[in-house]
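S.K.: Just the structure for this:
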Amino acid sequence: MTDCAIELVTPMREKVQALEDAILELEQADCPVRHHFAPGMYAREITIPKGVVLTGAIHKTDNLVVLSKGKLQLVTEEGTTIVEAPCTLMCKAGAKNAALALEESVWTNFFPTTETDTDKLVELLTESKASELLGGRENKQLLRNEELKKLEA
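M.R.: Numbers count the residues shown, from 1 in each chain. Next comes the predicted model:
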């Protein structure tokens, strides 16, 4: 009988979730979000400062993404890659991705929809709740910054 080693591979989604949990222990960066609407189209744009590591929301559908400024190191199910503006790519449904901003970057997701309520859009398009994302009362990043400020006082 031969000894066999079995290597268990952790899915990328779990690895990125573990990264997100670790990032939440740090002071959180300000990444401004802007919302744009056109007939039948919604675009969610985020500016990511240089040096920031972030994780993305899990989208319910595939969507187009445009990196209009900057350079990012992306970690996806396909592996790690460097993308530099201008760049258009697809964000796959169900994926939990991560990025490191090698330069200040502007990332925009595009979704076909007629909805214009940004809180409803979060819940329609992602597995997140609007109250948990930037600007929401239960936003994990902002709550963590408040905790750190209390500890420093």
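S.K.: contacts, neighbours, all on C-alpha from now
M.R.: Will do.
S.K.: The helix or strand containing Ala99: what's the following helix or strand?
M.R.: Following DSSP states H and E, one finds Ala99 within strand 98-101. Using DSSP H and E, the helix or strand that follows strand 98-101 in sequence is strand 105-112.
S.K.: Now do the buried residues in that next one.
M.R.: Across strand 105-112, burial judged by 16 or more other CA atoms under 10 Å covers 105-111.
S.K.: After that strand, which helix or strand is next? Please name it.
M.R.: helix 118-125.
S.K.: would you list every one of the helices in this protein?
M.R.: Under the criterion DSSP state H, helices of the chain are mapped to 12-23, 118-125, 140-152.
S.K.: Lowest average pLDDT across the ones you listed?
M.R.: Ranked by mean pLDDT, those bottom out at helix 140-152, with a mean of 59.
S.K.: coming back round to it: any chance of the buried residues of strand 105-112 in JSON lines, with distance to Asp117 and pLDDT too?
M.R.: Below are the buried residues of strand 105-112 laid out as JSON lines (distance: CA to CA, whole Å; pLDDT from 0 to 100):
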{"residue": "Ser105", "distance to Asp117": "25", "pLDDT": "97"}
{"residue": "Val106", "distance to Asp117": "22", "pLDDT": "97"}
{"residue": "Trp107", "distance to Asp117": "20", "pLDDT": "95"}
{"residue": "Thr108", "distance to Asp117": "18", "pLDDT": "96"}
{"residue": "Asn109", "distance to Asp117": "16", "pLDDT": "95"}
{"residue": "Phe110", "distance to Asp117": "15", "pLDDT": "96"}
{"residue": "Phe111", "distance to Asp117": "13", "pLDDT": "95"}
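S.K.: Which members of those residues are the farthest-apart pair?
M.R.: Across the buried residues of strand 105-112, no pair lies farther apart than Ser105 and Phe111, at 19.9 Å, counting by CA to CA.
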